[in-house]
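[1] I'd like to go over a predicted model; first the sequence, then the structure.
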Amino acid sequence: MDPDLRKDIYSSLTGSSSGLLGFALAAVAILSAFAPKVDARGANRRREREMADARSDIAKCLIVTSLFLMMILVVSTIAIGIDAERGGNRPISITIISAAFSSLVGLLISGLGVTLSILERNNQPQRTYR
């Protein structure tokens, strides 16, 4: 592949990974802001604890995903400057591809976890106040 084309790809990866990194860290901040309801009793208290544990697990997955996104960002930025060989730089390519695959899997798992968490929250019986 032509080195100029590769540098364009690295630039695109840098922009995409930085945007997704910001999204993932914002999601971690939002998930960490939610706490279990303190007025829950009995089965509701257990459910609130389980939901808090699920949010914690999703946040952990997003933090690991953020590390992979940061790896893409840093390695792509470095690659823009040093990857000028005609054949490319194999370790850089392998690092970026593996981190991209890992971050994709992490984002899919986290998104599924958030979706299931929302569905579980909406599945709870609502109290009626009179």
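    All right, it came through fine.

[2] quick one: the helices in this structure?
    Assigned by DSSP state H, the chain shows helices spanning 3-33, 43-82, 90-123.

[3] and among those helices, the most buried is which?
    Most buried of these by mean neighbour count (mean count of other Cβ atoms under 10 Å) is helix 43-82; its value is a mean of 17. Placement of C-beta: from N, CA and C, glycine included.

[4] elements contacting it?
    Counting contacts by 3 or more Cβ pairs under 8 Å, 6 or more residues apart in numbering; DSSP states H and E, helix 43-82 is packed against helix 3-33, helix 90-123.

[5] redo the ones you listed as a markdown table? Include mean pLDDT.
    Output for the helices and strands packed on helix 43-82, formatted as a markdown table (pLDDT from 0 to 100):
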| stretch | mean pLDDT |
| --- | --- |
| helix 3-33 | 90 |
| helix 90-123 | 89 |
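
[6] now residue 89. Its backbone dihedrals?
    Main-chain dihedrals, residue 89, degrees, to the nearest 10: phi -110, psi 110.

[7] which residues are contacting stretch 21-36?
    45, 48-49, 51-52, 55-56, 58-59, 62-63, 65-66, 69-70, 73, 107, 110, 114 (Cβ atoms under 8 Å, 6 or more residues apart in numbering).

[8] follow-up on the earlier one: could you dump the helices and strands packed on helix 43-82 to JSON lines with distance to residue 77?
    Shown next, in JSON lines, are the helices and strands packed on helix 43-82 (distance: least, Cβ to Cβ, whole Å):
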{"stretch": "helix 3-33", "distance to residue 77": "6"}
{"stretch": "helix 90-123", "distance to residue 77": "11"}
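
[9] and of the ones you listed, who's closest to residue 80?
    For the helices and strands packed on helix 43-82, proximity to residue 80 was assessed by Cβ to Cβ; helix 3-33 is nearest, at 4.8 Å.

[10] return the angle between stretch directions for that closest one and helix 90-123.
    The directions of helix 3-33 and helix 90-123 differ by 30 degrees, with axes from the mean of the first three to the mean of the last three Cα atoms, to 10 degrees as the criterion.
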